[in-house]
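Next one to model:
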Amino acid sequence: MAPGDAEHTGHGAVRAFMHCELKALAGLEDVSGVEIVGLLRGLTRLYELVESQEAGGSELSGPRFGLLMALLAHERLGRGHSLTPSALSRCQGVTRNTISSLLRGLEDQGYIERTLDAQDRRVFRIRLTDAGRRVLQTQAPERIAHLNRLAADLSGDEREQLLALLGKLHRSVVANSGLRHTPGHNAR
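Numbering: from 1, shown residues only. Purely as a prediction, here's the structure:
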């Protein structure tokens, strides 16, 4: 038995126990929705933990890197060179307070600049600076390679299938939740 096998077998036993308990508690045969949410939350926490350890010496946290990538994508898709903090908070699926904190950090680092909107002086516009573009060009190859290595045990076909299923799940959650604004709206 390999070192991780005992732990994995234990996890399987816990999962089976929880599956039975959830069915009994809910009085339903199908409790897969709870299992899916549990796995997605656990995987998200695991990715965040690995990312924070990996980016230990980096000047860019994962969320800050994601914001810079969103600004770059917006710019390169020809949708203008700036976004509002509200648009960024919806795009990244975080609160306005969190976006404010992230943007303040990126501004302090010189990676973005904040300007008043020409038409509505109550609104700020956020855009990448040349330094922000340079840091993305420098860090993106290794960050993307690292994330690809984390999923290396999945074949190319399995990755595509997983992406398609997660996109379908995203659309299902939006359709069945009554949400008007959806975070991370880039589902396939």
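
first to last residue in stretch 119-127, what's the distance?
End-to-end span of stretch 119-127 (Cα to Cα, to the nearest Å): 16 Å.

Now do the buried residues in it.
Residues F124, R125, I126, R127 are the ones in stretch 119-127 that count as buried (16 or more other Cβ atoms under 10 Å). Any C-beta I mention is one placed from the backbone N, CA and C, and that applies to glycine too.

Any figure for the gap between the closest residue to R96 other than its chain neighbours and L49?
Distances taken as Cβ to Cβ, 6 or more residues apart in numbering place S89 nearest to R96, at 5.2 Å, with adjacent residues excluded. As judged by Cβ to Cβ, to the nearest Å, S89 and L49 stand 23 Å apart.

now the helices for the protein?
Assigned by DSSP state H, the chain shows helices spanning 3-26, 32-54, 62-76, 85-92, 96-109, 130-150, 156-177.

and those helices as a markdown table, adding distance to Q119?
Compiled in a markdown table, the helices of the chain are given as follows (distance: least, Cβ to Cβ, whole Å):
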| stretch | distance to Q119 |
| --- | --- |
| helix 3-26 | 51 |
| helix 32-54 | 37 |
| helix 62-76 | 18 |
| helix 85-92 | 15 |
| helix 96-109 | 20 |
| helix 130-150 | 24 |
| helix 156-177 | 30 |
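
I'd like those helices as JSON lines, with mean neighbour count appended.
What follows is the helices of the chain, written out as JSON lines (neighbours: other Cβ atoms under 10 Å):
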{"stretch": "helix 3-26", "mean neighbour count": "11"}
{"stretch": "helix 32-54", "mean neighbour count": "12"}
{"stretch": "helix 62-76", "mean neighbour count": "18"}
{"stretch": "helix 85-92", "mean neighbour count": "18"}
{"stretch": "helix 96-109", "mean neighbour count": "16"}
{"stretch": "helix 130-150", "mean neighbour count": "13"}
{"stretch": "helix 156-177", "mean neighbour count": "12"}
